[in-house]
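**Student:** Next comes the sequence, and after it the predicted model I'd like to discuss.
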Amino acid sequence: MGTSKRLAPHYDMQAQHQAILAASKRGPLQSLTDRELALRETPVTVYPHSAQRRVRAWVRLGPEPLYVDARVVRSTPLAAGIEFKASEQVFRCWVWGNAVSIDE
């Protein structure tokens, strides 16, 4: 019995959500520090909902790195503030810009 190509993205999303929730039980979501972001010296762009881009980003939950589907909600010249969901839980963190790739 084969798998449905039509349902593959749905199953991928479910697997990602399960991995995020499991990793979140082992440790907190890590984010860049205020010192790393240098927000007092660096401009921050906050994107309205219509301008938020879908991305893939590397995040770290506890000791575990995960590659997640996310949205960029704010940015600095070097970092991105991202948001992603797993089930009904919303996660927000800052990551370095090179940890993010545009989701085409």
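**Tutor:** Okay, I see it.

**Student:** hey, let's count contacts and neighbours off CA atoms from now on
**Tutor:** OK.

**Student:** which helix of this protein spans the most residues?
**Tutor:** helix 8-26 (DSSP state H).

**Student:** Residues in contact with the lowest-mean-pLDDT helix or strand in the chain: which ones?
**Tutor:** Within the chain, no helix or strand scores below helix 8-26, which has a mean of 82 by mean pLDDT, DSSP states H and E. Defining contact as CA atoms under 8 Å, 6 or more residues apart in numbering, one finds that helix 8-26 is touched by Leu61, Gly62, Pro63, Glu64, Leu66, Val68, Lys85, Ala86, Ser87.

**Student:** ok, now with 7 Å
**Tutor:** With contact meaning CA atoms under 7 Å, 6 or more residues apart in numbering, helix 8-26 is reached by Leu61, Gly62, Glu64, Ala86, Ser87.

**Student:** From Arg6, how far off is the fourth one?
**Tutor:** When distances are taken as CA to CA, to the nearest Å, Ala86 and Arg6 turn out to be 21 Å apart.

**Student:** Who has more neighbours out of those two?
**Tutor:** Taking other CA atoms under 10 Å, Ala86 and Arg6 do not tie; Ala86 has more neighbours (18 against 8).

**Student:** Cheers, nothing more for now.
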